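J.: here's a sequence, model it:
(chains A, B, C and D)
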2 protein chains.
Amino acid sequence: MTTSTTLLPANPLSPPGRTRIMNSLVRLLDKKEFNSITTAEIARDAQVTEGLIYKYFSTKKDLLYLVLMELFQQVVNRIESEIAAVDGSHEKLQAFIRTSVASYAGSRVFSKIILLEVRNSQSFFTSNAYGLVRQYSKMIAQILDEGIEAREFAQDIEIGSLREIIFGAIEHTCLTCIIFDRDIDVDRVTGQLCKVLFRGITDNGWAKRKGRQP
Amino acid sequence: MTTSTTLLPANPLSPPGRTRIMNSLVRLLDKKEFNSITTAEIARDAQVTEGLIYKYFSTKKDLLYLVLMELFQQVVNRIESEIAAVDGSHEKLQAFIRTSVASYAGSRVFSKIILLEVRNSQSFFTSNAYGLVRQYSKMIAQILDEGIEAREFAQDIEIGSLREIIFGAIEHTCLTCIIFDRDIDVDRVTGQLCKVLFRGITDNGWAKRKGRQP
DNA sequence: AAAAATTAGTAAGTAACACTCACTCACCAC
DNA sequence: GTGGTGAGTGAGTGTTACTTACTAATTTTT
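T.: Down below sits the predicted model:
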């Protein structure tokens, strides 16, 4: 279906057992839900004992958060460079959306973790991994800020609300594909989303008749 | 913060022990995450033995799904009557959004279950509870269909994509409030969302200069 | 009205789970 | 060779979701 499971980037500072544990969780997450993966299963796959998992990770969840961080860091880096490469707020917003959608499309495991597995725990929001979410969130806030400043975007829209709308639209679209194991068509999704966001859904003829949109 | 925990609607056909079990889960969900609630805890709160839980519910998750169904049914009924009460596709869509947001705002437990606790399990999507999600989903599909048919909404937007965008925007906005225990301002959220959806975010002056919007 | 079946609920389990702890072994410095 | 350190082991432990065999009361059947 989607791309074959990408392993985590190699890290020579991490002991071999630790690396194998993290990669095993990635492999297993591709097949099943986090809660139904047991520590025994991870240990078996990584060819270590269960005890070693707890040498490197304080809890099973902590292991999950650290895996997420590795994957998320790549995503954040990629988005940062993509939005730096274009000019104009509309273009930057489109680049942000396209790269986000492409990241979800490119890593099923990343998508599953961030969209499905971490939100229901309060502990996530105090973990280091959540720092990356805030970084990600700030990028779009800045795009919107500048767009309103430059009069590209309407003045009467709250940045906070808009950010939630955009994230929600991106995430929910990708989530549906992840859950039902459908491929994500990056161009189509990005196109539809930008169309709605930039122009709204009201038909132009109707708007003129009703005088709703000058 | 939000409204005090609403219990499930009384059901005289349900044995007292069964009713107490479901209400206990609702009470406990208001305070903590589903995964950290134990069956022993539920039984203690409901003043029954653990065994009785498994007389009425096949698994702990199954209990959760049945609680969700009771709450969701009320939501679906409410939305159905609200959108029937107005005319015009813009108005119906606005009513749909407002009532959805109000439902999330009105029941923290309902919001937590549907936005955080059930999505990560494949079993949810084969449960009866998911039938209500499909019913909910069909309501908006119909509004969009009719709106495009009536030329109130633009012709070049895919209903499937648009539905994901709208759901995502509603859910993500409410999710953030639920997670950070903030109140949901139904009017403000609805207003912002409809503004963006109906008109888009592009500033009118800029659109004219660029000729992007006739 | 006795017998049979159904319903509401109990009590004592069990396998599997996340997690702990005391330990070994190999390597390196001095 | 002694002491220290980091990688890894393996046999625990308390809890957890879930099971099973049972009772006691009410309702249904005959």
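
J.: drop to CA atoms for contacts and neighbour counts, all remaining ones
T.: Noted.

J.: so where do the helices sit in chain A?
T.: In chain A, the helices defined using DSSP state H lie at A:16-31, A:39-46, A:50-56, A:60-84, A:89-106, A:108-112, A:129-149, A:159-179, A:186-199, A:204-210.

J.: need the residues of chain A near DNA strand C, please.
T.: A:35-40, A:50-52, A:54, A:58-61 (CA under 7 Å from any atom of the strand).

J.: just the buried residues out of these, in PyMOL syntax.
T.: Restricted to buried positions by 16 or more other CA atoms under 10 Å in any protein chain shown, the PyMOL selection for the residues of chain A next to DNA strand C reads:
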select buried, chain A and resi 39+50+60+61
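
J.: go ahead and confirm A:A154 touches B:N204.
T.: Yes - with contact defined as CA atoms under 8 Å, A:A154 reaches B:N204; the gap is 7.1 Å.

J.: worst mean pLDDT among the helices of chain A?
T.: Among the helices of chain A, helix A:204-210 carries the lowest mean pLDDT, at a mean of 88.

J.: buried residues, that helix. List them.
T.: In helix A:204-210, the ones that count as buried by 16+ other CA under 10 Å are A:204, A:206-207.

J.: and what of stretch A:144-155?
T.: Result for stretch A:144-155 [16+ other CA under 10 Å]: buried residues A:144-145, A:147-148, A:151-155.

J.: endpoint to endpoint, it covers what distance?
T.: Distance between the two ends of stretch A:144-155: 11 Å, counting by CA to CA, to the nearest Å.

J.: make CSV out of the helices of chain A and add distance to chain B.
T.: Shown next, in CSV, are these (distance: least, CA to the nearest CA, whole Å):
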stretch, distance to chain B
helix A:16-31, 12
helix A:39-46, 17
helix A:50-56, 20
helix A:60-84, 12
helix A:89-106, 8
helix A:108-112, 8
helix A:129-149, 8
helix A:159-179, 4
helix A:186-199, 4
helix A:204-210, 6
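
J.: residues in chain A within reach of DNA strand D, list them.
T.: So far as CA under 7 Å from any atom of the strand goes, chain A lies against DNA strand D at A:14-18, A:47-52, A:55.

J.: which among those residues gets closest to A:L116?
T.: Lowest distance from A:L116 to the residues of chain A next to DNA strand D (CA to CA) belongs to A:R18, with 24.4 Å.

J.: what's the separation between the nearest residue to that closest one once chain neighbours are set aside and A:E158?
T.: Spatial nearest neighbour of A:R18, excluding adjacent residues (CA to CA, 6 or more residues apart in numbering or on different chains): A:Y56 at 6.6 Å. For A:Y56, the distance to A:E158 equals 43 Å [CA to CA].

J.: before we move on, the earlier item: any residues in contact with both of A:A154 and B:N204?
T.: Shared contacts of A:A154 and B:N204 (CA atoms under 8 Å, 6 or more residues apart in numbering or on different chains): none.

J.: pretty sure A:G168 contacts B:G168?
T.: Yes - look at A:G168 against B:G168 with CA under 8 Å: they come within range, at 4.1 Å.

J.: per-residue confidence at A:L13?
T.: pLDDT, A:L13: 84.

J.: let me fix that: A:S123
T.: Reported pLDDT for A:S123: 96.

J.: what's around it, how many residues?
T.: Neighbours of A:S123 under the rule other CA atoms under 10 Å in any protein chain shown: 13.

J.: what do you get for the one 4 residues further on?
T.: By the criterion of other CA under 10 Å, A:S127 has 14 neighbours.
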